[in-house]
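Engineer: Structural data only, the sequence is not supplied:
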């Protein structure tokens, strides 16, 4: 299990690094197009900007899809991956994706019977008979 989790974490990190590599390639091009737009203001430049913006959004969608696919196999890395920047971790938390939200969801899905079952389980471990 540990090896599988480590492989998934490596796949997630590779996916992140691939996305960041694409971003670092696209940012200089975006800056150049924005500078040209300010100085010239032609409409041909606007279509190039739209196209580049579409590519950047597509890159993010692909990254998010890969990350979501890998999260189905190991969800713990989804909440606070070690390779995230502080900004990305902050955005995840501000967006409401907190580990505490996951626990509340599990509790809501399992219902209040969870407490009773945990208590019964612990009593059986301690040698007490459940009533």
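Structural biologist: Ah, there it is. It should be emphasised that the depicted structure is a prediction, and the values quoted were computed from it without experimental measurement.
Engineer: elements contacting the lengthiest helix in the chain?
Structural biologist: When the chain is parsed with DSSP state H, its longest helix is helix 2-39. Applying 3 or more C-beta pairs under 8 Å, 6 or more residues apart in numbering; DSSP states H and E, one finds that helix 2-39 makes contact with helix 43-73, helix 76-79. For glycine as for every other residue, the C-beta is placed from the backbone atoms N, C-alpha and C.
Engineer: what's the angle from the helix or strand just after the shortest one to helix 2-39?
Structural biologist: Right, the one you point to is helix 76-79. Going down the chain from helix 76-79, the next helix or strand is helix 86-94, by DSSP states H and E. On the basis of axes from the mean of the first three to the mean of the last three C-alpha atoms, to 10 degrees, helix 86-94 is oriented at 100 degrees to helix 2-39.
Engineer: And helix 86-94, what's buried?
Structural biologist: Neighbour-count burial for helix 86-94, with 16 or more other C-beta atoms under 10 Å as criterion, is recorded at residue 92.
Engineer: can you tell me the average pLDDT over that helix?
Structural biologist: The average pLDDT within helix 86-94 is 76.
Engineer: related to what we said a few turns ago, would you tell me which one of the helices and strands packed on helix 2-39 is buried the most?
Structural biologist: helix 76-79 (a mean of 17; mean count of other C-beta atoms under 10 Å).
Engineer: re earlier: could you give the average pLDDT over the longest helix of the chain?
Structural biologist: On average, helix 2-39 scores 84.
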